[in-house]
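Colleague: here is the input, now give the coordinates:
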Amino acid sequence: MTSPRRAPADLRKRGGFRGADDSTASLILGQFFVGGFFLFIVAFFLALGAAEEYDGATSFVGASIIAVVLSVVSMITALVIGLPLRLVSALRARWLAHGEITVVGVVVGLGACIVSVVLAGGSGGAALPWWAFVVAWSVLTFSVAHFVWPGRRPQGDRREQPNNGPAA
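Modeller: Down below sits the predicted model:
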């Protein structure tokens, strides 16, 4: 792990480099397994949904292999790409303050994956190009890999609605 003492002095002075301590490593590892399991379940059902015919145990084995490979490769890629979110304090604070982005990303990504598999399946062939699924899966994977549950805003942070006076 990188020690904060090895960070450039200007980053340490501004508090811009968090460093990878034990809590960050355990958070990344825990999120890798929990997020990877979620992506495995999604990929498994998407693989079964995309299959043109069902032939028993072979379909389950094939869907399982596809799901494991897709979820592991996707989670590793998303964690590496999103590493600055975890190591740079300013980015991390902004990401943690806006947890609703990850919830929206999971919902939109999952919905787009389902739509792309449903539209691509069936007798009509591929209605959407393959890149639509790749983009939807990427949004889902990044959002799951860096998922933050949105916190409740403090009482003093609530914005008052403008008072336009009585309705006439």
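
Colleague: pull the helix or strand with minimum mean pLDDT from the chain.
Modeller: Confidence across the helices and strands of the chain bottoms out at helix 9-14, with a mean of 48, counting by mean pLDDT, DSSP states H and E.

Colleague: just the buried positions in the helix or strand just after that one, please.
Modeller: If you walk from helix 9-14 toward the C-terminus, the next helix or strand you reach (DSSP states H and E) is helix 22-50. The neighbour-count check on helix 22-50 (16 or more other CB atoms under 10 Å) flags 28, 31-32, 35-36, 38-40, 42-44, 46-48 as buried. (Each C-beta comes from the backbone N, C-alpha and C, glycine too.)

Colleague: what's the answer for stretch 75-90, then?
Modeller: Met75, Ala78, Leu79, Gly82, Leu85, Arg86, Leu87, Val88.

Colleague: the fifth one and Ala78: what is the separation?
Modeller: To tie it back to what came earlier, the one meant is Leu85. Applying CB to CB, to the nearest Å, the value for Leu85 to Ala78 is 10 Å.

Colleague: list the contacts of Val106.
Modeller: Shown in contact with Val106 (CB atoms under 8 Å, 6 or more residues apart in numbering): Leu140, Ser143, Val144, Phe147.

Colleague: ok, now Phe38?
Modeller: Neighbours of Phe38 in contact, by CB under 8 Å, 6+ apart: Val144.
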